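**Q** using only what follows, build the 3D model:
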Amino acid sequence: INAEYMGYFLMIKEEEIFKKHKCPFKGEMGKVVTRFPPEPSGFLHVGHAKAAMINYYYAKMFKGKMIMRFDDTNPSKEKENFVENIMTDIKTLGITPDSISYTSDHFPKLMEYMEQFIKDGVAYADDTPAEEMKKQRNDGIESKNRANTVEQNLAHWEEMKKGTPEGVKWCIRAKLNMKDKVKCLRDPVFYRCNLTPHHKTGTTFKVYPCYDFACPIVDSVEGVTHAMRTIEYRDRNGLYKWVITTAKVRPVEIHDYSRLCFVNTVLSKRKLQYFVEKGLVDGWNDPRFPTVQGIMRRGLTVAAITEFMLEQGASKSTNLMEWDKLWAINKKVIDPIAPRYTAIGKDSACLLNILNGPDTPQKSEVALHPKNEAVGKKDLWFFKKIFIENEDAKILAKDEKITLLKCGNCKITNIKNDNGKIELEGMLLLEDKDFKSTKKISWIAADPSLCVDGRIYEFDHIITKNSLEDTDDMEKFINPKTRFETQFIGEIQMKNLKKGDIIQIERRGFYYVDVPWGQTGPQLTLHFIPEGKTKEMSVIKNKIDVAAASKGAGEKTSKKKLKKKQKEGKEEKDAKDAKEEVKPETKETKEKQEDEKAQDPKQPQI
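**A** Modelled structure (predicted):
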């Protein structure tokens, strides 16, 4: 494989991005500063990828900077392991932050601001139990501590900073308006005690700021000019501005954009953690997970993710999206460069004896890609005994002429069927150049020295409902069977594949090389890559529902927060897609015929 060519093809080409996508806000060239502030309490998922990419590329459009800031204000959830993996994910996504910081870098200064808020009478200490506080905020009832003096509040604050038994009972709340129509603005908590050692500062601090207090101040202090926030923070934009005004720091421009929502997908870190802890997946990088590491092991390319995310951009319209568009973009990226190989299902392999075939294996050189010679070449071995797929063997008839891909035509002279176990005999027709009306059959030489063992994994969605509501019991919608294995026999050249390679097994689909041959034993492991289409490539069937893997399936539900117009728009789109369903199939059939034409007559005959 021409690795240098493949690498260049998959590179993110920024000049093309800047021509195609526009920034939604105005800014001064060279002075725009954005930030990406993930909490190190889990791995990055596709939602984080969108946030990272639009912040990074929008800043670059103005020749500005993007700050990578770890919002590490909750030591109970955060770990250094998550920090390291987030850094790995950012590098994988092709993002190079201009600087890296931590909210914990600002802890001493944030405590000074908090103390000043208390002295100014705009914050107070409260020991109301959490459930009671929640009810009071919902009902608009003021806390009994709201009228305490500044001196009383400062005394409680000092106990909190020391982490004393008395101090841990208290928190600091902003003094706003307990009758505000937006309930999250009813005296929100700004500081709370936590005696868990911090991943970076250890036991230095006993109090930690909440996001609503820390984020606006740190944004301003670090020089952020444009704060990109998902739409669910819109109700808190007033609070963001209030903190900046009250702290008397430089204002920051806020821009909202829609949160990324996919069907049959869990993006909540808490829910993803549940799957990990219960052993329902192999870890945060499981290919069934929507984490960056998970979807990369599923075969998604950075080029496709970047194109998809910037196409979504900073739109404020919240839609429950299907996966098919992202996978379709990914196919456009990999199809022109994925080298082609042949593999036959181990349990479905049928022997075809070529009566006039060579007694010893013969080798020829063929292109790895029928339409792109730059991908490279491979050796193709032919023998008098070859394996073909059972699905192909079942539809063949005696005296039928077939085309063995990259070899030539062959006449089936005899078929033995012993209770479903099929064995065939045939004669090569090397002088016959008519490939138009024949069935195209994939094959490999039936010689153990010319084959490699492997397994294919296909993955289904981990939940069976299109969209989980907050009131849903997630356990009721966990898919009990999400991984399907197929053992296969592949051509010997697959032995040289490396981890991360993306290939096409002809007439089966595209695959990601997860475990190369020899890494854990004498076989390799491949992961099936969805293509955003609704049917298999050939008569060789997948073990999962291809349409469901690409689009999403299960019990349907609408997101409560979606506007009626958006919902109607999606239904209209679905109806349109249903009417046009035959269109892509016609295109795929045409592409398949072009591939076969490119593969058969132009390849050397053996």
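
**Q** okay, helices next: where are they in the stretch 1-150 of the chain?
**A** Assigned helices in the stretch 1-150 of the chain, in chain order: 3-9, 14-20, 46-61, 80-92, 107-119, 130-139, 150-162 (criterion: DSSP state H, counting those that start in this stretch).

**Q** out of the ones you listed, deepest packed?
**A** Most buried of these by mean neighbour count (mean count of other Cβ atoms under 10 Å) is helix 46-61; its value is a mean of 23. Yep, even glycine has a C-beta here, placed from its N, CA and C like the rest.

**Q** can you list the helices and strands that that helix packs against?
**A** helix 14-20, strand 33-36, strand 65-70, helix 80-92, strand 226-230, helix 292-297, helix 302-312 (3 or more Cβ pairs under 8 Å, 6 or more residues apart in numbering; DSSP states H and E).

**Q** now the helices of the stretch 1-150 of the chain in a markdown table, with distance to residue 379?
**A** Converted to a markdown table, the helices of the stretch 1-150 of the chain look like this (distance: least, Cβ to Cβ, whole Å):
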| stretch | distance to residue 379 |
| --- | --- |
| helix 3-9 | 18 |
| helix 14-20 | 36 |
| helix 46-61 | 39 |
| helix 80-92 | 33 |
| helix 107-119 | 62 |
| helix 130-139 | 68 |
| helix 150-162 | 71 |
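
**Q** so which of the helices and strands packed on helix 46-61 is nearest residue 205?
**A** Distance to residue 205, taken as Cβ to Cβ, is lowest for strand 65-70 among these, at 15.5 Å.

**Q** by contact count, what packs against that closest one?
**A** strand 33-36, helix 46-61, helix 80-92, strand 99-102.

**Q** now do the spatially most central residue of the chain against residue 319, distance only.
**A** For the chain, the residue lying nearest the average C-alpha position, counting by Cα atoms, centre = their mean, turns out to be residue 295 (3.8 Å). Going from residue 295 to residue 319 by Cβ to Cβ, to the nearest Å gives 19 Å.

**Q** now residue 251
**A** 31 Å.

**Q** neighbour count: those two, which is higher?
**A** Set residue 251 next to residue 319 and count neighbours by other Cβ atoms under 10 Å: residue 319 wins out with 18 against 13.

**Q** tell me which helix or strand in this protein has the weakest average pLDDT.
**A** Sorting the helices and strands of the chain by mean pLDDT, DSSP states H and E puts helix 564-579 at the bottom, at a mean of 39.

**Q** before we move on, back to that, and the helices and strands packed on helix 46-61: which comes nearest residue 161?
**A** strand 65-70 (22.7 Å).

**Q** adjacent strands (with direction) for the closest one?
**A** The pairing partners recorded for strand 65-70 under DSSP bridges are strand 33-36 (parallel), strand 99-102 (parallel).

**Q** quick revisit: JSON lines for the helices and strands packed on helix 46-61, including distance to residue 329?
**A** Converted to JSON lines, the helices and strands packed on helix 46-61 look like this (distance: least, Cβ to Cβ, whole Å):
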{"stretch": "helix 14-20", "distance to residue 329": "13"}
{"stretch": "strand 33-36", "distance to residue 329": "22"}
{"stretch": "strand 65-70", "distance to residue 329": "24"}
{"stretch": "helix 80-92", "distance to residue 329": "18"}
{"stretch": "strand 226-230", "distance to residue 329": "22"}
{"stretch": "helix 292-297", "distance to residue 329": "13"}
{"stretch": "helix 302-312", "distance to residue 329": "5"}
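
**Q** all helices for the stretch 301-450 of the chain, in order.
**A** 302-312, 324-334, 390-393.

**Q** show me the shaky parts of the chain.
**A** For the chain, applying pLDDT under 70 flags the ranges 1-15, 18, 534-537, 546-606.

**Q** longest strand in it, please.
**A** Determined from DSSP state E, the single longest strand within the chain is strand 408-418.

**Q** with distance to residue 334 as extra columns, can I get the helices and strands packed on strand 65-70 in JSON lines?
**A** Converted to JSON lines, the helices and strands packed on strand 65-70 look like this (distance: least, Cβ to Cβ, whole Å):
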{"stretch": "strand 33-36", "distance to residue 334": "27"}
{"stretch": "helix 46-61", "distance to residue 334": "18"}
{"stretch": "helix 80-92", "distance to residue 334": "17"}
{"stretch": "strand 99-102", "distance to residue 334": "32"}
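
**Q** relative to residue 357, which of those is closest?
**A** helix 80-92 (46.5 Å).

**Q** now what about the closest one, what contacts it?
**A** The list of residues contacting helix 80-92 from outside it, by Cβ atoms under 8 Å, 6 or more residues apart in numbering, reads 38, 40-44, 48-49, 52, 68, 70, 72, 97, 199-200, 284, 291-293, 296, 302.

**Q** how about JSON lines for the helices of the stretch 301-450 of the chain, with mean neighbour count and distance to residue 261 added?
**A** Shown next, in JSON lines, are the helices of the stretch 301-450 of the chain (neighbours: other Cβ atoms under 10 Å; distance: least, Cβ to Cβ, whole Å):
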{"stretch": "helix 302-312", "mean neighbour count": "20", "distance to residue 261": "11"}
{"stretch": "helix 324-334", "mean neighbour count": "20", "distance to residue 261": "13"}
{"stretch": "helix 390-393", "mean neighbour count": "20", "distance to residue 261": "37"}
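
**Q** what's the closest of those to residue 431?
**A** Counting by Cβ to Cβ, residue 431 lies closest to helix 390-393 out of the helices of the stretch 301-450 of the chain; the figure is 23.5 Å.

**Q** hang on, the earlier thing: quick one: strands adjacent to the longest strand of the chain?
**A** Partners of strand 408-418 in its sheet, by DSSP bridges: strand 401-404 (antiparallel), strand 421-429 (antiparallel).

**Q** ok so, going back, for the helices and strands packed on strand 65-70, which one sits closest to residue 311?
**A** Of all the helices and strands packed on strand 65-70, the one in closest proximity to residue 311, counting by Cβ to Cβ, is helix 46-61 (10.4 Å).

**Q** between the closest one and helix 324-334, how many degrees?
**A** 60 degrees (axes from the mean of the first three to the mean of the last three Cα atoms, to 10 degrees).

**Q** got the angle for helix 46-61 vs strand 226-230?
**A** Angle, helix 46-61 to strand 226-230, by the same axes, to 10 degrees: 160 degrees.

**Q** which residues touch residue 506?
**A** Applying Cβ under 8 Å, 6+ apart, the residues near residue 506 are 340-342, 405, 442.

**Q** farthest-separated two in these?
**A** Among the contacts of residue 506, 341 and 405 lie farthest apart (Cβ to Cβ), at 11.6 Å.

**Q** all set now, cheers.
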